[in-house]
Structure formats: structure tokens, C-alpha cells
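> Model the following, please.
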Amino acid sequence: MLFERGAGPAVRGFAVREWGPLFGTVRAGLAARRWRAVPLTLAAVCLTSLFQWVQNQPWGYGPVQAVGAVRAEEPLWLALVRTPLSLFVPALDLPVWGALAQILVVFGIAEVCLGRRRTLLVAYAATLAGTLYARAGVALGPDGVLGPVGLPASDARVVDTGPSAAVVGLAVYVCRRHRARWTAWLVVAAMVVEVAVKPNLAGKEHLAAIAGVAVAYAVAARWRRRSAGATAATATPAAAPAPAPAPAPAPAPANVTATSSDPAEADPPSGARPGVSRRASRRSGPGNGG
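Below you'll find the model as predicted:
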């Protein structure tokens, strides 16, 4: 009974802390723009569906492989040219609905939270990290110094993972960006288990994609901190120098009697009576001559 009482608030509190910022961002973006908030995601779903349909046609497998299939045995320049479209070429041995669902959910959340340009950059960085790892792993070999990091020579003829590396990389990046740290670690743990259970090229490319995204996230975070510091430094005005203290007024000299230019307003001598002086002055005025 005690567990039941405490479990509800604890679970709700964890959910709010873990997914609250992410959910709020996605909800606000979709409420404001509806489907217009995810044009890249919709285009990716449509393009993946098109590639899946074409490559399953008798005439379509070759053209799709020519524009979007990346292998470690091919020249690097050709792999770099094909990598952008390889994001949307699904694997033939996996159900396409799984790839479409992953793209719709993960790309959609990333596009709302990061924007179209950053979503594309992160997806491309994750896919490129997997592609470069495949070449390095084949060069190292399974019996090399790094052991499990290496790949057998036969993996050089295997097609890269396609959209799954981009999906994994975007999921980790978005979770880290919106403080869903436990979810990000859960994705990493799932990829580690995948490699432990089935150590193939796809699983290891997923881990390479996560490593590439982690580096990209660290660089972006450092850039944001430096930009914020520079903005704060330019926005804060320089402190004005403190004004010099005003000189203290000189003390008035003691026993100095103020004088007036008007004799009538001058102070009478000491001991004189003011009333007598005024009567005397009236008697000696112009009207009392004599």
C-alpha cells in the first residue's frame, strides 16, 4: 500500500523532469504550425517510401544502389557523394514500416526541437560517422590492436545502415539537448546490447554514430557558451568612474560682522537703541529743516 501511494507521484515527477521540456517544445511547435512544422520529416518519409518501392522493382535495384548505397570498399569520394541520399535508402532485409515509423517520430521531434537545418546536419554527421568507421574498422581488422573495434574484410562489401544511424544519432542529440538524459543513456545501452547480441556492421555503425553525435554536441555546447559569454560582455556597459568628491566648504571666519552697502540697513553700534536712531533720522529728514 505504501508503494502504491508513493509510486504515482514519484513516477509522475520523474516523467516531468525527464520528458517535460521535450514534450512542451514539441507540443508548442505542433500546436502553432501543425504539419507545417515538419516538412523535412514528411519529405523524408515520402523519399524513403519511394526508394523502397523502386528498389523492389525488377528494374529499380541498380539505380537505387548507384545513388544511395555506400560500401567501405568503394572510393571515399564516391561514398561522400552518396551519403546524403543513403539516409533515405532502407535496408532490404528489414520491414520498411519500421524505418518509416522511426523517421516519422524521431525526425519529426528533432525538426520541431532543432529546426530543419540542424536536424539535417546532425543526421548527416551521424551517418558520416558510421560510414567513416566502417572504413577504419575494415582497415584495422578483427585481429588488430583494438580487437572488437575492427571489422572483417567481408564487411567492406556490406551496405551501410541507411536511415537507422541518423535516427539513433538524432535521438541521442535531442535527448541531451532537452535534458532527457536517462532516455539518451537508454538509447546508448540498447545499442550496446544490440552489438553484444549481434555484432554486425549495422550495430557498430550505430555506436559510431552516437560517438560522432556526442562530439558534435560537445562542440555545439562549447560554441553556445562562448557566444553567450560574448553577448553578455557586449551587453553590459563599462562601469563609469566614480565622481571625485566635492571639496568641503571653507568654514566662515569667527567674529566677522556682515556689512551692507546701504547705511540704513547697517547694524547699529553696540549699546545703541534702535528706536532712538530711527526717531533721530526722522527729525533730521528734509521736511524738518531748521
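
> Quick check: buried residues in the helix or strand harbouring residue 194?
Following DSSP states H and E, one finds residue 194 within helix 181-197. Neighbour counts over helix 181-197 (16 or more other C-beta atoms under 10 Å) mark 183, 184, 187, 188, 191, 194, 195 as buried. Yep, even glycine has a C-beta here, placed from its N, CA and C like the rest.

> can you check stretch 129-146 too?
Neighbour-count burial for stretch 129-146, with 16+ other C-beta under 10 Å as criterion, is recorded at 129, 130, 131, 132, 133, 134, 135, 137, 138, 142.

> between those residues, which is nearest residue 199?
residue 142 (9.7 Å; C-beta to C-beta).

> Quick check: chain neighbours aside, which residue is closest to that closest one?
Excluding the flanking residues, the one nearest residue 142 by C-beta to C-beta, 6 or more residues apart in numbering is residue 150, at 4.7 Å.

> mind listing what the one you found touches?
Under the criterion of C-beta atoms under 8 Å, 6 or more residues apart in numbering, the contact list for residue 150 reads 137, 138, 140, 141, 142, 143, 144.

> Quick check, the second one in contact with residue 153.
Same thing as residue 138. Yes - between residue 138 and residue 153 a contact is recorded at 6.2 Å, counting by C-beta atoms under 8 Å.

> Let me see the contact set for residue 51.
Residue 51 touches 64, 68, 88, 89, 90, counting by C-beta under 8 Å, 6+ apart.

> Next: residue 63.
residue 54.

> which regions of the protein lie under the pLDDT threshold?
1-7, 144-146, 233, 235-290 (pLDDT under 70).

> Which residue ranges of it form helices?
With DSSP state H, the ranges of helices along the chain come out as 2-33, 39-55, 61-68, 76-86, 96-102, 108-114, 116-140, 163-177, 181-197, 201-235, 274-283.

> Check which helices and strands the fourth one sits against.
Counting by 3 or more C-beta pairs under 8 Å, 6 or more residues apart in numbering; DSSP states H and E, the packing neighbours recorded for helix 76-86 are helix 61-68, helix 116-140.

> In TSV: the ones you listed, plus distance to residue 108.
Shown next, in TSV, are the helices and strands packed on helix 76-86 (distance: least, C-beta to C-beta, whole Å):
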stretch	distance to residue 108
helix 61-68	22
helix 116-140	9
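
> Can you tell me which of the ones you listed is nearest to residue 78?
Checking the helices and strands packed on helix 76-86 against residue 78 by C-beta to C-beta gives helix 61-68 as the closest, at 10.0 Å.

> how far does that closest one sit from the chain's center?
36 Å (C-alpha atoms, centre = their mean, to the nearest Å).

> Also stretch 139-158?
The answer for stretch 139-158 is 36 Å, by C-alpha atoms, centre = their mean.

> count of residues packed around residue 111?
25 (other C-beta atoms under 10 Å).

> wait, what's in contact with it?
Neighbours of residue 111 in contact, by C-beta under 8 Å, 6+ apart: 37, 38, 39, 40, 41, 119.

> If you rank these by neighbours, which is first?
Going by other C-beta under 10 Å, residue 119 tops those with 26 neighbours.

> on that earlier part again, nearest to residue 163, of the buried residues of stretch 129-146?
Closest to residue 163, out of all of the buried residues of stretch 129-146 and judged by C-beta to C-beta, is residue 130, at 11.1 Å.

> do you know how far that closest one is from residue 169?
Residue 130 is 9 Å from residue 169, where distance means C-beta to C-beta, to the nearest Å.

> anything in contact with each of the two?
209, 212.
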